[in-house]
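Colleague: Structure for this input, please:
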Amino acid sequence: MIHRRCLLGTMAAAAALPLARPAFGTGYPDRPIRLVVPFTPGGGADTLARMVVQPMAERLGQNIVVENRPGGGTTIGSGAIARSAPDGYSLLVGTGSLVINQYLLPTVPYDIVKDFAPIGLMARIPFVLVVNPQLPIRSVPELIAYAKANPGKLNFGSYGMGSPAHLTGELFAREAGIQIEHIAYSGTAPALVDLVAGRVGMMFSTILPAVPQINDGRLRALAVTSETRVPVLSSLPTMMEAGMQGFESTGWNGLLAPAGTPAPVIGRLSAELIRALEEPRLKQELNNQGHILPTSNTPDDLRKLLQAEAAKWSKTIREAKISVE
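Modeller: Below you'll find the predicted structure:
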């Protein structure tokens, strides 16, 4: 009788084991994950995010549902994730604006250090320096010489006040010792239209929308802003190769979670992001679009990138006296 009671007790305990709550992260994820993209659908960040998270979702065994929450210069969507539960089911696509806004706007609803846990980098997005071909400029040194010989006559467009493309132009002007006037547009497309028409003289454009005009001769490309050359424009030098020592400026898309998200969850998401970016088809497609994939991609790598971006752009914004009310 005693033996039977012990056996029944053991069986009852064993039957109860599947009902016990697993340690956080061991059963993750067990429901769909929400990914906030703080931009409208169809833009560069949205398209890149959807491409990258698809293979991640397949490996995680759960859907990653993209939620577009534009507005406030990306602060609305970013702030929403900063206030979300740190359980791994609410993630953010961060871009350069996540850092820049802290130094550009009077207030932002988050602190990039205190409110977010970095997961990893999706890609860097270089810019290509393009000029109207009617200008007598065929290289970066010629551009600098032209600007110095014609003070106040050269202007540049960007896809928005305080955007990474705008700040890249300001950084270039200060390091080259030239004066160029910024003209802000509502997006890359209208800025490129005016550049082709000659209403602006130069622009630091994202690569993909500029390639057709470069290939058709409607724009003249001088250099790319990344540390290394870009495969889709492999004949173009980098800004450093063109004589701008130490000049590097790229946009970036990264994956972040709310601060306090458990380490096992961050580790799982980081590992699946790395595996997704290693898939040959995705890698080739991203390279064809002008993106540069990370060679090292730990959460700490993204954290260091955020710190470097903060140091670079806070100085540029302060010295150029840029403000957005």
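Colleague: got the residue ranges for the helices in the stretch 51-200 of the chain?
Modeller: Using DSSP state H, counting those that start in this stretch, the helices of the stretch 51-200 of the chain run over residues 75-82, 96-104, 140-149, 164-176, 188-197.
Colleague: Mean neighbour count, distance to Arg124 and mean pLDDT added to these, as JSON lines?
Modeller: To be clear about C-beta, it is placed using only N, CA and C from the backbone, and glycine gets the same treatment. Formatted as JSON lines, the helices of the stretch 51-200 of the chain follow (neighbours: other CB atoms under 10 Å; distance: least, CB to CB, whole Å; pLDDT from 0 to 100):
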{"stretch": "helix 75-82", "mean neighbour count": "21", "distance to Arg124": "19", "mean pLDDT": "97"}
{"stretch": "helix 96-104", "mean neighbour count": "22", "distance to Arg124": "10", "mean pLDDT": "94"}
{"stretch": "helix 140-149", "mean neighbour count": "17", "distance to Arg124": "20", "mean pLDDT": "98"}
{"stretch": "helix 164-176", "mean neighbour count": "23", "distance to Arg124": "11", "mean pLDDT": "96"}
{"stretch": "helix 188-197", "mean neighbour count": "17", "distance to Arg124": "17", "mean pLDDT": "96"}
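Colleague: May I see those helices organised as a markdown table, with distance to Val113 added?
Modeller: Listed next are these as a markdown table, based on distance: least, CB to CB, whole Å:
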| stretch | distance to Val113 |
| --- | --- |
| helix 75-82 | 11 |
| helix 96-104 | 10 |
| helix 140-149 | 35 |
| helix 164-176 | 20 |
| helix 188-197 | 30 |
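Colleague: Please name whichever of those is nearest to Leu277.
Modeller: For Leu277, the closest of the helices of the stretch 51-200 of the chain is helix 96-104, at 19.1 Å, according to CB to CB.
Colleague: before we move on, back to that, out of the helices of the stretch 51-200 of the chain, nearest to Ile317?
Modeller: That would be helix 96-104 among those, by CB to CB, at 4.8 Å.
Colleague: Can you report how many residues neighbour Pro209?
Modeller: 17 (other CB atoms under 10 Å).
Colleague: hang on, the earlier thing: so which of the helices of the stretch 51-200 of the chain is nearest Ala242?
Modeller: helix 140-149 (3.8 Å).
Colleague: Can you list the neighbours in contact with that closest one?
Modeller: 129, 131, 135-137, 154, 176-180, 202, 222-223, 239, 242-244 (CB atoms under 8 Å, 6 or more residues apart in numbering).
Colleague: In strands only, show me these.
Modeller: If you go by DSSP state E, the contacts of helix 140-149 have 129, 131, 202, 222-223 in strands.
Colleague: For Ile112, give me its contacts.
Modeller: So Ile112 contacts 98-99, 102, 306, 310 (CB under 8 Å, 6+ apart).
Colleague: In TSV: these, plus distance to Pro86.
Modeller: Formatted as TSV, those follow (distance: CB to CB, whole Å):
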residue	distance to Pro86
Leu98	17
Val99	21
Gln102	21
Leu306	18
Ala310	22
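Colleague: so which of those comes closest to Pro70?
Modeller: For those, the nearest to Pro70 is Leu98 (13.8 Å; CB to CB).
Colleague: correct me, but the closest one touches Thr74?
Modeller: Yes: because the distance of 6.5 Å satisfies CB atoms under 8 Å, Leu98 is recorded as touching Thr74.
Colleague: ok so, going back, and the ones in strands among the contacts of helix 140-149 as JSON lines, adding distance to Ser270?
Modeller: Formatted as JSON lines, the ones in strands among the contacts of helix 140-149 follow (distance: CB to CB, whole Å):
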{"residue": "Leu129", "distance to Ser270": "33"}
{"residue": "Val131", "distance to Ser270": "40"}
{"residue": "Met202", "distance to Ser270": "38"}
{"residue": "Leu222", "distance to Ser270": "37"}
{"residue": "Ala223", "distance to Ser270": "33"}
